[in-house]
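Asker: mind folding the following:
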Amino acid sequence: MLLVYNKGKWSKNPVCVRQLPDGQAERMVNMTTLTATQARRQLPEMLNRAAYGGERIAIKRRGKVLAAVVPAEDLDLLQRLEDEHDIREAKKAIRDYEKHGGISLEEFRKKRGL
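Answerer: Residues are numbered from 1 along each chain as shown. Modelled structure (predicted):
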């Protein structure tokens, strides 16, 4: 068994950090895969592995990933990334509106036959 020291604690989950060309660091984590039956039987252990070991666990049924259990910090990161994406898309829509104008909801409905 390989133990890795990460964030002040030992973990069975290998974590590797590499530097990207732009100077940013990328955290790579091996993901464990469990069947839905295994996940059901091992729920408390699985939660601890994610919460305290930083492990990402994919849950499969019939060979297809249905869901994942991830550390809370990964969920926070995902939500921040989604928020940043939404903000970029909103700004893009505003610029497009300012450049090309728009139509009222009534006009839109008329055009679409709604």
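
Asker: identify, by residue count, the longest helix of this structure.
Answerer: Scanning the chain for the longest helix, with DSSP state H as the assignment, gives helix 72-100.

Asker: avg pLDDT for the helix or strand just after it?
Answerer: Once helix 72-100 ends, the next helix or strand along the chain (criterion: DSSP states H and E) is helix 105-112. For helix 105-112, the mean pLDDT works out to 90.

Asker: contacts for helix 105-112 next, please.
Answerer: Contacting residues not belonging to helix 105-112 are listed as 103, 114 [C-beta atoms under 8 Å, 6 or more residues apart in numbering]. Glycine gets a C-beta too; all of them are placed from N, C-alpha and C.

Asker: try stretch 65-72
Answerer: 31, 33, 36, 39, 46-47, 50-51, 54-60.

Asker: in the longest helix of the chain, which residues are buried?
Answerer: Residues of helix 72-100 classed as buried: residue 74 (neighbour count, 16 or more other C-beta atoms under 10 Å).

Asker: quick check: mean pLDDT of that helix?
Answerer: On average, helix 72-100 scores 93.

Asker: could you do stretch 45-61 as well?
Answerer: Stretch 45-61 comes out with an average pLDDT of 92.

Asker: start to end distance for it?
Answerer: Length of stretch 45-61, first residue to last, C-alpha to C-alpha, to the nearest Å: 19 Å.

Asker: begin at 54 from here
Answerer: I'll keep to 54 as the first residue from here, and by that count the last item is stretch 98-114.
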